[in-house]
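Q: Predicted model, plus sequence, below.
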Amino acid sequence: MTSNNNIQTASDLDAWLKSDVYRANIEFWERAWNMVKVPYTQLPDLPYLATIPEKLSDFGARRVLDLGCGSGWLSIFLARQGFYVSGMDVAAHAIELARQWAEQEGHEIQLDTGDIADLPYPDGSFEAVVANSIFEHLTADLTRTTLHRLKSILVPGGTFFGCFDKVGTGPGEYYSLNDGTHVYTDKGRRGMLLRYYNDDELSELFSDWKVIELTTLESGSRIVWAQS
């Protein structure tokens, strides 16, 4: 089964965000986070984690947006390093968990519930955006639209960090959209979007950015550092 998901105009975007497919994706994340009762305060063991604050500092970035922050582990990590952090996620309960964690550690982090596709920030709000394992859960067109908007909310020459995970189909049932994005239909992941970006797609997505680094990890995930 396939479904059209092309976004070419503002009206196309509005229609896509109101579609049953996209709403089911949002509902998946809301359900998933509502199952988490208390903040999980252990940082993930990622080989590139320590390099994020180092490179942000090298690029002179202090005001950072953590896009799709979930319960806030990357926001907390960067706040510990002295960055001024804002975190945004579509799941209100995830933001509440992040707020609890930030309060426990005494960090002043702006935490907002919002949709990546409709970023609620004025132009030039941030010097950097970090997006760890986020775009795998968007269609290619929505990722393209979001990256274009990120260039606006960054200051000129602002920095982007992203980890694009190597993902496969995994267990479960799904159908595919026209761009290859999987839409899961099984009980455990019903509504979740998942797609793999190959290197050619990444190059096209960042064709109007200044790509500083594109690295493939042993896991097959790709790290992208770029400037607007």
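A: Good, I have the coordinates.

Q: Output stretch 201-212 as PDB - backbone C-alpha positions only.
A: Extracted C-alpha coordinates of stretch 201-212, given in PDB (Å, rounded to 0.1, in the frame of the first residue of the first chain):
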ATOM      1  CA  GLU A 201      19.200  12.000   0.100                       C
ATOM      2  CA  LEU A 202      21.200  13.700   2.900                       C
ATOM      3  CA  SER A 203      23.300  15.500   0.400                       C
ATOM      4  CA  GLU A 204      20.100  16.800  -1.400                       C
ATOM      5  CA  LEU A 205      18.500  17.800   1.900                       C
ATOM      6  CA  PHE A 206      21.500  19.900   2.900                       C
ATOM      7  CA  SER A 207      22.300  21.200  -0.600                       C
ATOM      8  CA  ASP A 208      21.700  24.800   0.500                       C
ATOM      9  CA  TRP A 209      23.600  24.500   3.700                       C
ATOM     10  CA  LYS A 210      27.300  24.600   4.200                       C
ATOM     11  CA  VAL A 211      28.100  21.000   5.300                       C
ATOM     12  CA  ILE A 212      31.000  20.900   7.700                       C
END
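
Q: which residues make contact with that stretch from outside it?
A: 140, 143-144, 147, 151, 160, 164, 197, 214, 222, 224-228 (C-beta atoms under 8 Å, 6 or more residues apart in numbering). In short, each C-beta sits where N, CA and C put it, glycine included.

Q: again, 10 Å this time
A: Contacts to stretch 201-212, defined as C-beta atoms under 10 Å, 6 or more residues apart in numbering, come from residues 55, 58-59, 135, 140, 143-144, 146-148, 150-151, 157, 159-162, 164, 179-180, 195, 197-198, 214, 222, 224-228.

Q: which residues of the chain fall in strands?
A: With DSSP state E as the criterion, the chain has strands at 63-67, 84-89, 110-113, 126-132, 154-164, 174-176, 182-184, 193-194, 210-216, 222-227.
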